[in-house]
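Engineer: Provided below are the primary sequence and the corresponding predicted coordinates.
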Amino acid sequence: MLRKLPVRWEVRWDFSPPAERVAMQRLAEVAGLAAISRTHLSIHPEFGPWISLRAVIVLDMPADDLTVPEKTKNLCNGCERSCMPAFERAMNSVKDLTSETVSRDWRQWLAVRDACAVGSGKYRFCDSQIRYNYTKDRAYLK
């Protein structure tokens, strides 16, 4: 499908090297897909924090106005079920925030997602997907 486009394009993955890396969360926010919450999770208006940002297609063409669409602005304002206590507990569980500490204390970080009122449990990932996302243990891919 991409080969049919009349402009140059390339796919950039979330694991692309730094020179090619795209700030996926910021891109999702600017595109109106998801807002970046106070807990640094991307929150989709319907699915809440239960989305994964893995790749983007970069097109060689001018961009239009890059303002954040209204549908993703202020998703957290007036939230009655604050995720901040869970976020503070997760932050307090680590001295240095690294992929290793997140993997070790993954249940603390999962609690931050679970505390988000947007999307509630309706779109929550299945247990094996959650465990793989946080631990990167390939056994959960089976």
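Structural biologist: Sure, I can see it. Residues are numbered from 1 along each chain as shown.
Engineer: same question for stretch 82-94, mean pLDDT?
Structural biologist: Mean per-residue pLDDT for stretch 82-94: 87.
Engineer: Setting the sequence-adjacent residues aside, check what's closest to the residue most central in space within the chain.
Structural biologist: Among the residues of the chain, the one closest to the centroid is S42, at 4.2 Å (CA atoms, centre = their mean). Nearest residue to S42, sequence neighbours excluded (CB to CB, 6 or more residues apart in numbering): A34, at 3.9 Å. C-beta here means a position set from N, CA and C on the backbone, and glycine is covered the same way.
Engineer: Could I get the contacting residues of that neighbour?
Structural biologist: Q25, A28, S42, I43, H44, P45, I51, L53, T72 (CB atoms under 8 Å, 6 or more residues apart in numbering).
Engineer: Could you rerun that using 6 Å?
Structural biologist: A34 sits next to A28, S42, I43, H44 when contact means CB atoms under 6 Å, 6 or more residues apart in numbering.
Engineer: among those residues, who's most crowded?
Structural biologist: Taking other CB atoms under 10 Å as the neighbour criterion, I43 ranks highest of those with 27 neighbours.
Engineer: Look up how far A19 lies from that residue.
Structural biologist: Computed with CB to CB, to the nearest Å, the distance linking I43 and A19 is 29 Å.
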